[in-house]
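Visitor: fold the following.
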Amino acid sequence: MKSILVLLLAVCMWFAAGRPVHASGPFGAEPTPSGFSCGYSGLSAIYSAKSAKYYFTGACLQANTQINVPWTAEGGFDPATGDTKETIILNGPSSYRGTLRIYLSCAGLRENLDPWLTSVKCTASPGGGPLNAQGEFASRTNMLEDLKALILGRSGPLTSGFPYDRNALLAKRDSDLKAEAAAIAKAEADKRRAEEIRQAALQPKSYMGTFSYPTVLLPTRSQRFFAQSPVPIKLAPPQGWKATSYMISIQRSDNRGNWVAYGNPIPVSAADAQSAGGYTGFGAGGNGPTKYPVLLTAPGYWRLNAQVSAPNQSAWSDWVEFTVTAPPPVAVRGVQKGFAK
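Guide: Numbering: from 1, shown residues only. Here you go, the predicted structure:
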């Protein structure tokens, strides 16, 4: 613990009995022979996006009388408004007891700056201040005037002038802000997860996921289609479910009778899959002007099944097999087969 006499008051309190306080710079003050020398023995800080809090402990000693005045201080800075507050509680002998409250506005030309971290000009807060005293110390009007002059002369809270390591506080601020951002992100993720769980709770619990699956209404079993023509796929969600999207898996039989996956599962919206005609993008290469080979069919044996993919995932349905045949030959009419004489 640092000695309270080694670190002289660098804006904290110079209680100069009956004499004005002279500040030598924004982060220091020179004691007078009859004045109090003040130092701090402890400092901690907590930062968030909305505030900065500082906590000091220390004591002041008058060399001539050996009067010792222990004190604690709490400082606060609002980065949004520049409002700065400091409360110092004095715990000395009679007439050196009481509370000092300091109210300042620390705003630069373009931004609000923390006076405990930077050298910034602060002014008395429009709401009162810069210094209000309560308790026995309020009777020491000369010292209060000296302190008020010191605050206005150095344009900052009393404790902001101590020679503490500001780089360490800046690093602490960065660490606290990063931790706060991570905590907010985690809270938002937890909130989203809680909502997902709540939505899942609305689904049937007994068979959800493991035993519930959609019904394939189209195509029907053994239904036949011509190659490169639409194969309508119509689905119905499991009983009690509300589906917003599906995944459709398609397989084709090879020359040896083995089922082989045909491309990747196709995502289909519930609006299309549950419509009167079903999803018609498969078979003919898609519903748009651009045709995709993976959505084209060729003669052979095919099968498909489906799964609800959102808002909750179901099991896969049973396979439905269908057949694709070559389209019929196009009849050519009016072709002359020979030459007439």
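Visitor: what does the domain assignment say about this structure?
Guide: Taking automatic domain parsing as the reference, the chain has its domains at 23-173, 215-325.
Visitor: what's the least confident stretch among these?
Guide: When mean pLDDT is averaged over each of the domains of the chain, domain 23-173 scores lowest at a mean of 83.
Visitor: coming back round to it: so for D190, which of the domains of the chain sits nearest?
Guide: Counting by Cβ to Cβ, D190 lies closest to domain 215-325 out of the domains of the chain; the figure is 18.1 Å. Where C-beta positions appear, they are placed from N, C-alpha and C, glycine not excepted.
Visitor: quick one: distance of the closest one to the chain centre.
Guide: From the chain centre to the centre of domain 215-325 is a distance of 40 Å (Cα atoms, centre = their mean, to the nearest Å).
Visitor: now the helices for the stretch 151-300 of the chain?
Guide: Shown for the stretch 151-300 of the chain, the helices assigned by DSSP state H, counting those that start in this stretch span residues 166-201, 270-273.
Visitor: kindly export stretch 186-198 (C-alpha atoms) in CSV.
Guide: Once side chains and other backbone atoms are set aside, the C-alpha atoms of stretch 186-198 remain, and they are given as CSV (Å, rounded to 0.1, in the frame of the first residue of the first chain):
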residue,chain,number,x,y,z
LYS,A,186,-24.2,-13.6,-24.7
ALA,A,187,-27.4,-12.2,-23.1
GLU,A,188,-28.9,-11.6,-26.5
ALA,A,189,-27.9,-15.1,-27.6
ASP,A,190,-29.4,-16.6,-24.5
LYS,A,191,-32.6,-14.6,-25.1
ARG,A,192,-32.8,-15.9,-28.6
ARG,A,193,-32.2,-19.5,-27.4
ALA,A,194,-34.8,-19.1,-24.7
GLU,A,195,-37.3,-18.0,-27.3
GLU,A,196,-36.4,-21.0,-29.5
ILE,A,197,-37.0,-23.2,-26.5
ARG,A,198,-40.3,-21.5,-25.8
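Visitor: spit out the contact partners of K148.
Guide: Neighbouring residues of K148 by Cβ atoms under 8 Å, 6 or more residues apart in numbering: 130-131.
Visitor: what residue is smack in the middle of this protein?
Guide: If you average the C-alpha coordinates of the chain and look for the closest C-alpha using Cα atoms, centre = their mean, you land on A185, 3.4 Å from that point.
Visitor: how far away is that one from P79?
Guide: According to Cβ to Cβ, to the nearest Å, A185 stands 20 Å off from P79.
Visitor: how about K191?
Guide: For K191, the distance to P79 equals 26 Å [Cβ to Cβ].
Visitor: more neighbours: which of these two?
Guide: Regarding K191 and P79, a neighbour count based on other Cβ atoms under 10 Å identifies P79 as having more, with 17 against 10.
Visitor: does the more buried one touch S48 like I think?
Guide: No: the pair P79 and S48 fails to qualify as a contact (Cβ atoms under 8 Å) at a distance of 9.4 Å.
Visitor: confidence score at the residue nearest to the centre of the chain?
Guide: Predicted confidence (pLDDT) for A185: 92.
Visitor: ok, the one 4 residues further on next?
Guide: Taken from the predicted model, the pLDDT recorded for A189 is 90.
Visitor: now swap in the one 4 residues further on and tell me
Guide: At R193, the pLDDT value in this model is 83.
Visitor: count the residues that sit near it.
Guide: The local packing count at R193 equals 10, with neighbours defined by other Cβ under 10 Å.
Visitor: can we start the residue count at 20 from this point?
Guide: Understood, numbering begins at 20; the last thing we discussed is R212.
Visitor: how near is it to K205?
Guide: Between R212 and K205 the computed distance is 10 Å (Cβ to Cβ).
Visitor: same question for Y232.
Guide: Where K205 is concerned, Y232 sits at a distance of 34 Å (Cβ to Cβ).
Visitor: equivalent analysis for S124, please.
Guide: Using Cβ to Cβ, one gets 35 Å for the distance from S124 to K205.
Visitor: against which helices or strands is the helix or strand that contains N324 packed?
Guide: For N324, the element it lies in under DSSP states H and E is strand 319-329. Strand 319-329 is packed against strand 234-237, strand 264-272, strand 339-344, with contacts defined by 3 or more Cβ pairs under 8 Å, 6 or more residues apart in numbering; DSSP states H and E.
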